[in-house]
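> I'd like to go over a predicted model; first the sequence, then the structure.
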Amino acid sequence: MSDKKIYEIKILPKKEVLDSQGRATQKVLEKGGFSLSKCSVGRYIEVESSESIEAIKKMANYVLYNPLIEDIDVQLKSTNG
C-alpha cells in the first residue's frame, strides 16, 4: 500500500497581469483601516495522492491553472502513512 501525501497548490495572478480582485480587496481593507502594500487574490487547492510531486505538477499544468496569466506553486504539505 502506498503512502498518501497531501499536496498544496497555490495559484496567483502573474505580477504582469492586472489583479482586479486583489486591488478591490486591498481597497476595502484599506478603507477598514488596514495598511497594505499589496494584496493578491488567488486559489488554494489541496490534493491527497500517492503520486510524486512531479506527477502533481503535471496534473496542475494540465487543468488547474492558466500559465499565460497565473503562477503556480506546488508543495508537499504532509504524508499520511
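Structure received.

> and for L64, the neighbour number?
Residues lying near L64 (other Cβ atoms under 10 Å) number 17. C-betas here are computed from N, CA, C, even on glycine.

> ok, P13 next?
Using other Cβ under 10 Å, P13 has 18 neighbouring residues.

> can you tell me the closest non-neighbouring residue to it?
D19 (4.3 Å; Cβ to Cβ, 6 or more residues apart in numbering).

> what are the phi and psi values at the one you found?
Dihedral angles phi and psi of D19 (degrees, to the nearest 10) take the values phi -100, psi 80.

> what's the per-residue pLDDT of it here?
Per-residue confidence (pLDDT) for D19: 94.

> wouldn't it be in contact with V41 here?
Yes - under the criterion of Cβ atoms under 8 Å, D19 is in contact with V41, at a separation of 6.6 Å.

> where do the contact lists of those two overlap?
When Cβ atoms under 8 Å, 6 or more residues apart in numbering defines a contact, the residues bordering D19 and V41 alike are P13.

> which non-adjacent residue is nearest I45?
Using Cβ to Cβ, 6+ apart and skipping residues adjacent in sequence, the residue nearest I45 is I9, 4.3 Å away.

> can you check C39 too?
Of all residues not flanking C39 in the chain, Q26 sits nearest, at 3.7 Å (Cβ to Cβ, 6+ apart).

> buried residues in the longest helix that the chain contains?
Of all the segments of type helix in the chain, defined by DSSP state H, the longest one is helix 20-31. Neighbour-count burial for helix 20-31, with 16 or more other Cβ atoms under 10 Å as criterion, is recorded at 22, 26.
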